[in-house]
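[1] coords please:
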Amino acid sequence: MEQYSDRLDVIFQALADPTRRAVLARLGGGPASISDLARPFDMALPSFLKHIHYLEGSGLIRTHKEGRVRTCAIEKAQFTAVESWLSAQRALWEGRADRLEKFVTEHEEE
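    From the prediction side, this is the model:
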């Protein structure tokens, strides 16, 4: 379970940055070159590449170099861990909210 937790830590740290979230949102529409991904951001390419490396290291994207162009794509498998964790949290909190509602309703009738 700790290995699963460590993986989630890295993924959520990657998602914590707005630049990286914007890159992922763009890649949700399909693969793109690094230069295309970097274009909307007001930062030097080396700084932007740090974000790409972080996303790649977290497993959220993969890159492929063909000639002089490096293309990035979403790695969907990593999102499964996030989805599973979020689903478990949703079920936990919905159960707690249902029990709270039942408790309040029962005590209002008394």
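[2] contact partners for residue 17?
    Residues in contact with residue 17, defined by C-beta atoms under 8 Å, 6 or more residues apart in numbering, are 51, 54. (Each C-beta comes from the backbone N, C-alpha and C, glycine too.)
[3] got the phi and psi for it?
    The phi and psi values for residue 17, taken as degrees, to the nearest 10, are phi -100, psi 130.
[4] now do residue 22
    phi -70, psi -40.
[5] check residue 72 too.
    The phi/psi pair for residue 72 (degrees, to the nearest 10) reads phi -110, psi 150.
[6] would you mind extracting the C-alpha trace of the helix or strand hosting residue 47 into CSV?
    Assessed by DSSP states H and E, residue 47 sits inside helix 45-58. Coordinates of each C-alpha in helix 45-58 appear next as CSV, following Å, rounded to 0.1, in the frame of the first residue of the first chain:
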residue,chain,number,x,y,z
LEU,A,45,12.1,26.9,-22.7
PRO,A,46,14.5,25.4,-20.1
SER,A,47,12.0,26.4,-17.4
PHE,A,48,9.1,24.8,-19.3
LEU,A,49,11.1,21.7,-19.9
LYS,A,50,11.4,21.2,-16.1
HIS,A,51,7.6,20.9,-16.1
ILE,A,52,7.7,18.4,-18.9
HIS,A,53,10.3,16.3,-17.1
TYR,A,54,8.3,16.4,-13.9
LEU,A,55,5.1,15.3,-15.7
GLU,A,56,7.1,12.5,-17.4
GLY,A,57,8.7,11.5,-14.2
SER,A,58,5.3,11.2,-12.5
